[in-house]
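Participant: Here is the input, now give the coordinates:
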Amino acid sequence: MTNETLLAQIAGGDRQAFDQLYRQMYSSLVAQCLAFLKQDLPLAEDAVDEAFVDIWRFAGNYDGRGSASGWIRRIARNKAIDLLRKLPGGEALSDPAELLSWRDESPGPEEMALRADQDRHILVLLDGLSTEHREVVVLHYYSNMKLCEIADATGAAEGTVKSRLFHARKLLRQKLEHLGVNA
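Facilitator: Numbers count the residues shown, from 1 in each chain. Reported below is the predicted structural model:
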């Protein structure tokens, strides 16, 4: 069932449709919120829970412009930003390794072993990126979203997303090379 259909059913008060949407999107939304909240998992989960409260309340406001997934992701993104603003200094700190546990893909043990050292460096370096750069990296590489989907979810133009991703990769590559890690 599509997210558009689920939202229409949720607007009519269908709790089963809401449960299905929650199960489908929860992990991916948490990963997205982690990008804003600097890998503070409990805070990211709070942002997603608040987003789902609004999705339940305002599902009828989805007007069909853009994808339902983008509409949902924008709600979660805004909740994460709101929570970030409430924190002292506007930033949350936690263990960046938690980000790997929210990947949408499940790599095998061999792949994880090959990528472990590079992932460790990248996750530490993600904290050095701006929120906008960190967000596109997480959505593209950890949530496997296409540029158009990221643009829809963030409200940025696709060209802006492409530029942010390009510059984020360039910054990460430079920092990894400086550390002597092959990028």
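
Participant: what's the spacing between the most centrally placed residue in the chain and residue 51?
Facilitator: Centroid-nearest residue in the chain: residue 32, 1.2 Å away (criterion: CA atoms, centre = their mean). Here the criterion is CB to CB, to the nearest Å. By it, residue 32 lies 10 Å from residue 51. From N, CA and C alone the C-beta is placed, and that goes for glycine too.

Participant: Name all residues that make contact with residue 47.
Facilitator: Applying CB atoms under 8 Å, 6 or more residues apart in numbering to residue 47 gives the contacts 33, 36, 37, 76, 79, 80, 82, 83.

Participant: Mind checking which of those residues land in helices?
Facilitator: Of the contacts of residue 47, the ones assigned to helices by DSSP state H are 33, 36, 76, 79, 80, 82, 83.

Participant: Make JSON lines from the residues you listed and add neighbour count, distance to residue 158 and pLDDT to it.
Facilitator: What follows is these, written out as JSON lines (neighbours: other CB atoms under 10 Å; distance: CB to CB, whole Å; pLDDT from 0 to 100):
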{"residue": "33", "neighbour count": "31", "distance to residue 158": "22", "pLDDT": "87"}
{"residue": "36", "neighbour count": "27", "distance to residue 158": "20", "pLDDT": "74"}
{"residue": "76", "neighbour count": "27", "distance to residue 158": "20", "pLDDT": "92"}
{"residue": "79", "neighbour count": "23", "distance to residue 158": "23", "pLDDT": "91"}
{"residue": "80", "neighbour count": "29", "distance to residue 158": "21", "pLDDT": "88"}
{"residue": "82", "neighbour count": "12", "distance to residue 158": "25", "pLDDT": "86"}
{"residue": "83", "neighbour count": "19", "distance to residue 158": "27", "pLDDT": "84"}
